[in-house]
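1. sequence and predicted structure below; questions after.
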There are 2 protein chains.
Amino acid sequence: MAEKKTLLLRPRLYLDEGLSIGPGKIDLLRELGRSRSISAAARELGMPYKRAWLLIDSLNQGFGRPVAETAIGGSGGGGASLTPLGERLVAAYDCLQTRLNKSARTELATFMALLDES
Amino acid sequence: MAEKKTLLLRPRLYLDEGLSIGPGKIDLLRELGRSRSISAAARELGMPYKRAWLLIDSLNQGFGRPVAETAIGGSGGGGASLTPLGERLVAAYDCLQTRLNKSARTELATFMALLDES
DNA sequence: AATCGCTATGTCATCTTAGATATAGCGGGG
DNA sequence: CCCCGCTATATCTAAGATGACATAGCGATT
């Protein structure tokens, strides 16, 4: 009996020259929104702080305005939070992902079939 | 007047451990089908022969059977052609891509809006 | 004013990847 | 029987990405 593998589509969008969004950045943004800290989000996702900061910065640069706001110093040493743009990005991506996976279910099944037909 | 950029989705599928299919391999297969030569396809796409051969070989390995058959020697020095599997892969990808872009048009527009809202 | 944890940023070693280069083998056709 | 163009494959080098490490600044809290 063949196990039913479900193939999840997590698209990467190339929005503009040097501006792309994929599952990695979305996961990072989502985690940042939860933890309100870049370094906590990085730890959670098992990546170095620098990489996380670079990813977020690339989004800030690419959009021309920040997807996250950061605070330096203060209680807890500082922190970060998603801007409305950042939150909308995550929401839009989730929406897109759900839509893609729903509507392409039969096409994805075709690929699985090509894999399995021995 | 803002130019209407259309954002084309060309997904990459992670089918199995070490087996993925994305726009690059599909373009290569398609070109190979046309030119019936690995090296000609590589030239056309501006990549080194070795890379093209590697990509095709990874598909052959990943599927456990060839997506392309090759001939060594003979008139013209040899050549290559898509197997039925290879042709079906291209067709399935095109089908998937079309479906995704049609059904996600509104979601993609959301992203474009996030980009433009200054 | 000393502490603390986080942001911010630079430097450097390293690891991976890609590409360039070289070479061998094949077999039909001139 | 030699030539040609293509497949096939190894080797070496260049380039780029990545992560580890170091360091500085900030400001609320104590």
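-> On my side now, so go ahead.

2. give me the secondary structure label for the closest residue to A:Pro48 other than its chain neighbours.
-> Once flanking residues are discounted, A:Pro48 sits nearest to A:Ala42: 6.5 Å by Cβ to Cβ, 6 or more residues apart in numbering or on different chains. Heads up, the C-betas are built off the backbone N, CA and C, glycines and all. At A:Ala42 the chain is in helix, as set by DSSP: H, G, I helix; E, B strand; the rest coil.

3. repeat for A:Ser20
-> Secondary structure of A:Ser20, per three-state DSSP, is strand.

4. who are the neighbours in contact with the residue most central in space within chain A?
-> In chain A, the residue lying closest to the centroid (Cα atoms, centre = their mean) is A:Ile26, at 1.3 Å. When contacts are counted by Cβ atoms under 8 Å, 6 or more residues apart in numbering or on different chains, A:Ile26 is found next to A:89-90, A:93-94.

5. now name the helix or strand holding it.
-> Using DSSP states H and E, A:Ile26 maps to helix A:23-35.

6. residues contacting the nearest residue to A:Glu107 once chain neighbours are set aside?
-> Excluding the flanking residues, the one nearest A:Glu107 by Cβ to Cβ, 6+ apart is B:Leu96, at 4.1 Å. By Cβ under 8 Å, 6+ apart, B:Leu96 lies in contact with A:104, A:107-108, A:110-111, B:11.

7. dump those residues to CSV, plus pLDDT.
-> Supplementary listing: the contacts of B:Leu96 in CSV, determined by pLDDT from 0 to 100:
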residue, pLDDT
A:Ala104, 91
A:Glu107, 92
A:Leu108, 93
A:Thr110, 93
A:Phe111, 91
B:Pro11, 91
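
8. from these, pick the one nearest B:Gly78.
-> Nearest to B:Gly78 among the contacts of B:Leu96 is A:Phe111, at 30.2 Å by Cβ to Cβ.

9. within the helices and strands, which one has that closest one?
-> helix A:105-116.

10. can you list the neighbours in contact with that helix?
-> In contact with helix A:105-116 (Cβ under 8 Å, 6+ apart) are residues A:2, A:5, A:7, A:9, A:101, B:13, B:15-16, B:19, B:21, B:63, B:85, B:88-89, B:92, B:95-96, B:99-100.

11. report the buried members of these.
-> Buried members of the contacts of helix A:105-116, counted by 16 or more other Cβ atoms under 10 Å in any protein chain shown: A:7, A:9, A:101, B:13, B:15, B:21, B:63, B:85, B:88-89, B:92, B:96, B:99-100.

12. among those, which are in strands?
-> In this view, the buried ones among the contacts of helix A:105-116 that belong to strands under DSSP state E are B:13, B:15, B:21.

13. which strand residues bridge the first one?
-> I take that to be B:Leu13. B:Ile21 (DSSP bridges).
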